[in-house]
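In: Turn this into a structure:
(one chain, ligands or ions: 1)
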Amino acid sequence: MDSIRREDMPCPLGCPPGDETVLSGSDRLNGLPGEFTIIKCRTCGLMRTNPRPTPETIGFYYPDTYAPYLDTRVQQPASGPSSRMRTILKPLVKGVFAFNTDRLPPLAPGRMLEVGCASGAFLHRMALQGWQVEGVEFSVKAALAASRLGYSVHVGPLETAPEPDEPFDLIVGWMVMEHLHDPIGGLRKLHEWAKPGAWLVLSVPNIESFEFSLFKGKWYALQVPTHLYHFTPDTLRRALRAAGWEVETIYHQRILSNLIASAGYVLRDNGYVGAGQKLIDFPEHAGRWHYLLYPLAWLLSLSGQTGRMTVWARKAER
Ligand SMILES: [Zn+2]
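Out: Here you go, the predicted model:
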């Protein structure tokens, strides 16, 4: 704890000084010590955790048990009648349920980079579809799991990743931009690494959703201090534009994981520890619940009120 250093940063969009305090909170995900404040730039509205742990010391808040590293391990495919049934039903299910969690533009396979590839499950999925894939991953352990699958992975933050041999047709980052110390610099770097006309697809939490208004410091997707920036559709567009990207569409995700896990924090704080923990663990074990909750999630997504969004942006053709 003593080894964690904090730094003060101005708004990364270059606005004149002037922020307001939104709230203070602590690490609820892993229960690690430290109190952190979220502030909002008075000029552009972008929210950030400030002061924040420095790039050199933030590793303390990413223990090896950090769930996203474990969830993305590639599972051995099952075989037998039930898996054959799944193969038949899959396209049908995909046609009905559009969760928008990792929704991609329709593209012919080419070169893809995943920023924050964790243990490599998404790289693997895309490679099976004919994509030539590469990754960047901050966690040594997770990156090792991904490179063991045979993929080229830069171990370390995006900031230190070397320029690729060839530019990319598609760059993705699932729930990763909010973790970057220098999101605008990172987006600029990705813009340089993209072919003209290439796509960038990112997902981030949406702090403008009713979930945040309802749960405030208990909102599951707040995740201080690992979430350094807290985007709204508007501030996400501003950040992308500042780095040269043209925003095409923002999809609101149709899952309610944040909502349910946030309710778990409320229960736990009120003494219902067992029941609360079950709901907090929901995002990691939602399974078929995603399908049952889909109608409600779909309804909320219409007005942009679910807690996560997926953006499609493009590099200009010339
Ligand atoms: Zn600003």
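
In: Contact residues of this structure facing the ion?
Out: Residues of the chain lying close to the ion by CB under 5 Å from the ion are 11, 13, 15, 41, 43-44, 46. Yep, even glycine has a C-beta here, placed from its N, CA and C like the rest.

In: any idea which of those has the most stuff around it?
Out: The most crowded member of the residues of the chain next to the ion is residue 46, carrying 25 neighbours; neighbours defined as other CB atoms under 10 Å.

In: Okay, that residue and residue 225: tell me how far apart.
Out: Per CB to CB, to the nearest Å, residue 46 is found 17 Å from residue 225.

In: try residue 155
Out: From residue 155 to residue 225 the distance is 22 Å (CB to CB).

In: hang on, isn't residue 298 packed against residue 253?
Out: No. With contact defined as CB atoms under 8 Å, residue 298 does not count as touching residue 253 (10.4 Å).

In: what about the two, which has more around it?
Out: Using other CB under 10 Å as the criterion, residue 298 and residue 253 rank with residue 253 on top: 25 against 16.

In: pretty sure that one is in contact with residue 97, am I right?
Out: No. Residue 253 is beyond contact range of residue 97, at 11.8 Å (criterion: CB under 8 Å).

In: Please report phi then psi for residue 180.
Out: phi -80, psi 140 (degrees, to the nearest 10).

In: so how many other residues sit close to the residue nearest to it when sequence neighbours are not counted?
Out: Sequence neighbours aside, residue 186 is the residue nearest to residue 180 in space, at 4.9 Å (criterion: CB to CB, 6 or more residues apart in numbering). Residue 186 is flanked by 23 other residues according to other CB under 10 Å.

In: What are the phi and psi values at residue 186?
Out: Residue 186 adopts backbone torsions of phi -60, psi -40, taken as degrees, to the nearest 10.

In: Quickly list what the nearest residue to residue 162 once chain neighbours are set aside is bridged to.
Out: Among residues not flanking residue 162 along the chain, residue 154 sits closest, at 7.0 Å (CB to CB, 6+ apart). Beta-bridge partners recorded for residue 154 (DSSP bridges): residue 136.

In: Residue 154 contacts residue 136, doesn't it?
Out: Yes. Using CB under 8 Å, residue 154 is in contact with residue 136, at 4.7 Å.

In: For the ion, what's the nearest residue on the stretch 51-200 of the chain?
Out: Residue of the stretch 51-200 of the chain nearest the ion, by CB to the ion: residue 184 (10.7 Å).

In: got a list of what that residue touches?
Out: Neighbouring residues of residue 184 by CB atoms under 8 Å, 6 or more residues apart in numbering: 12-13, 239, 242-243.

In: if I look at residue 153, how far off is residue 250?
Out: Remark: distance between residue 153 and residue 250 (CB to CB) = 28 Å.

In: So for these two, which residue has more residues nearby?
Out: Neighbours per residue, other CB under 10 Å: of residue 153 and residue 250, the larger number sits with residue 153, 24 against 19.

In: Residue 145 is in contact with the more buried one, correct?
Out: No. Counting by CB under 8 Å, residue 153 does not reach residue 145; the two are 9.2 Å apart.

In: tell me, what's touching the two both at once?
Out: residue 120.

In: gap between the spatially closest residue to residue 244 that is not a sequence neighbour and residue 201?
Out: Leaving aside its sequence neighbours, residue 244 sits nearest to residue 191 (CB to CB, 6+ apart; 4.5 Å). Here residue 191 is placed at a distance of 14 Å from residue 201 (CB to CB).
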